[in-house]
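*Asks:* here is a sequence together with a model predicted from it:
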Amino acid sequence: MRIALAMAFGSAFAAAQAPDNAVWATNFSSGAGIRSISKIDPIGEVLTSASIAGFTPFGFGIDPTGNIWLGSNGTTVGRFDTTGTVTASFPVGSFPQSVAIDAAGFVWVANRTTNSVMRLDPNGNQVTTVNLPAGTTPIGIVVDGLSQVWVSGFHASTSTAHTLTVLDLGGNVLNTFTYNSAAAGFGFSFPTADTNGNIWVANQAQLALLQVDQLGNVVTTTPITQGLPRGCAVDAFGNAWVATQGTAGRCFKVDPAGVITATFVPPATSFTTVSIDGNGDPWVFGFSAGKAIKLWQVDGTPLVEVAIPSGGSAWGGDSTGYHLARVILPGADFDNDGFLNGNEVAAGTNPFLAASRPDRPQMIQSGIPTQGSTLELSMRLRSDANLGYLVGLSLGNGPTVLPDARVLPLSLPVELYALGALDGNGDARTSLAIPAAPPLSGLTVFMAYVTLDPTASLGVKTISNELAITVR
């Protein structure tokens, strides 16, 4: 059913405007008067930080046409274009902290103070209102791959019973699951969904990350003992990344069995949310720290740290469109490269970037190429796991036709820059140090890689597209 629905909507969005390979963060601080959103390139460059007068932004949603939807702490949700410019605001309930997008582009809103959920059409018209029991305090909301809407109840600090409410797309309550904690405290935070239909959500009173199946059964419980567990996101392998808030803030990578396999420990940073970018790498957003940090999907190594306006951060939701591409519309082709979103995610390539394809991947850059900087460069191609690779560097992008008529996207001469082997999941990483030399300003170099297979023509299995790097 999930695949059929995704395929049905896939052709409708194949050639239309779509999410544009950006990472978004909200910035708010009542004391400092900061109310803005930042658009970040996955390399780690802030493209814009747009101020929003009279609107305090909270949770994100990105619709199939690329619009950004934001919750707030007032009584409206906002719709923004890809430049961060507000195009409209729409009245909803009180404190609409979180939003979620379904396959048809309808917007689901969790109104925290008025204990309700609203469904808006893509034009912002109210279609459905669902009143929840008093005291639910809905804080987070997500649409799963079965077109069901999960609403997480935050409840009160004195609560020992916390709820997850499941709705269909008509707004009918299908189930309300109750989970008891030994100690009183606030309940669930911001949920996400994986492609198996399971829901991942942190429970604050339990100090744990829960994985819940469609029947409400707890599949795994992962204790989180450092910081207060908040937002989470699921990567292509089904690993959940959860952010923790407080002076002991961390970001944990949790495998599908509920086991913590990696921990990112930043210096004195409190986190609230994780989003996965189009390349599959997680980003964590600092609370009152003015930073967003990109981590390597493999082991949580920090790849780049981005300064954003000091204040709050993305409070739940899908701030990249990755959940939309992987779970909601895997049968669409957002970048019009001939490969469906779901196939690109499974291959390790980027569903928002036409230059990154399963048959012609592209190196993943982390860092701004300024003089004296060091860039992190990743390779990710699941089909070529455990194969050797060669990285070439050139001053031109060719093309150079090989003896078997395939094309290398580099000009001769090509310098052999790096060699090694992809790991068992098809990942590898190298770096590029740029000298602090003023004459290099404006120089563009091109990098590409090939994977090695002795049974393939010329011993080369896959040739990547080139990555252009211009020194600033």
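*Replies:* Cool, got the structure.

*Asks:* can you list the low-confidence ranges for the stretch 251-400 of the chain?
*Replies:* Low-confidence segments of the stretch 251-400 of the chain (pLDDT under 70): 288, 310-314.

*Asks:* quote the end-to-end distance of stretch 420-438.
*Replies:* This stretch, stretch 420-438, spans 31 Å end to end (C-alpha to C-alpha, to the nearest Å).

*Asks:* distance between that stretch and the chain's centre?
*Replies:* Taking C-alpha atoms, centre = their mean, to the nearest Å, one finds the center of stretch 420-438 at 23 Å from the center of the full chain.

*Asks:* which parts of that stretch count as buried, going by neighbours?
*Replies:* 422, 425-430, 432, 434 (16 or more other C-beta atoms under 10 Å). All C-beta atoms are positioned from the backbone trio N, CA, C, and that covers glycine.

*Asks:* equivalent analysis for stretch 201-215, please.
*Replies:* For stretch 201-215, by 16+ other C-beta under 10 Å, it's 201-212, 214.

*Asks:* of all the residues you listed, which two lie farthest apart?
*Replies:* L207 and Q214 (24.9 Å; C-beta to C-beta).

*Asks:* name the nearest residue to the spatially most central residue of the chain, sequence neighbours excluded.
*Replies:* Of all residues in the chain, the one closest to the mean position by C-alpha atoms, centre = their mean is I276, 2.4 Å from it. Using C-beta to C-beta, 6 or more residues apart in numbering and skipping the chain neighbours, the partner closest in space to I276 is Y322 (4.3 Å).

*Asks:* same check, this time on A257
*Replies:* Nearest non-adjacent residue to A257, counting by C-beta to C-beta, 6+ apart: T220, 6.4 Å away.

*Asks:* by contact count, what packs against the helix or strand hosting the one you found?
*Replies:* Here T220 sits within strand 218-223, counting by DSSP states H and E. On a contact count with 3 or more C-beta pairs under 8 Å, 6 or more residues apart in numbering; DSSP states H and E, strand 218-223 meets strand 208-212.

*Asks:* so what are the sheet partners of the strand it packs on and their directions?
*Replies:* Sheet pairing for strand 208-212, assigned by DSSP bridges, gives strand 199-203 (antiparallel), strand 218-223 (antiparallel).

*Asks:* got any ranges where the stretch 1-150 of the chain has weak pLDDT?
*Replies:* For the stretch 1-150 of the chain, the stretches with pLDDT under 70 are 1-16, 30-32.

*Asks:* re earlier: give me the distance from the strand holding T220 to the chain's centre.
*Replies:* 22 Å.

*Asks:* residues in contact with that strand?
*Replies:* Strand 218-223 is contacted by residues 179, 198, 206-213, 242, 252, 254, 256-260 when judged by C-beta atoms under 8 Å, 6 or more residues apart in numbering.

*Asks:* mean neighbour count, the strands paired with strand 208-212: which tops it?
*Replies:* strand 199-203 (a mean of 26; mean count of other C-beta atoms under 10 Å).

*Asks:* could you dump it to PDB, C-alpha only?
*Replies:* Output of strand 199-203 as PDB, limited to C-alpha atoms (Å, rounded to 0.1, in the frame of the first residue of the first chain):
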ATOM      1  CA  ILE A 199       7.800   5.100  14.900                       C
ATOM      2  CA  TRP A 200      10.800   6.400  16.800                       C
ATOM      3  CA  VAL A 201      10.200   8.900  19.600                       C
ATOM      4  CA  ALA A 202      12.000  10.100  22.800                       C
ATOM      5  CA  ASN A 203      10.200   9.900  26.100                       C
END
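
*Asks:* what's that strand in contact with?
*Replies:* With C-beta under 8 Å, 6+ apart, strand 199-203 has contacts from 140, 142, 144, 150, 152, 162, 164, 179, 181, 187-194, 208-213, 224, 229-232, 234, 240, 242.

*Asks:* quick check: helices, which of those residues are part of them?
*Replies:* Using DSSP state H, no member of the contacts of strand 199-203 falls in helices.

*Asks:* write the PyMOL selection for whichever of those residues are buried.
*Replies:* The following PyMOL line selects those of those that are buried, judged by 16+ other C-beta under 10 Å:
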select buried, resi 140+142+144+150+152+162+164+179+181+187+188+189+190+191+192+193+194+208+209+210+211+212+224+229+230+231+232+234+240+242
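
*Asks:* specify the beta-bridge partners of A88.
*Replies:* Taking DSSP bridges as the rule, A88 bridges to R79.
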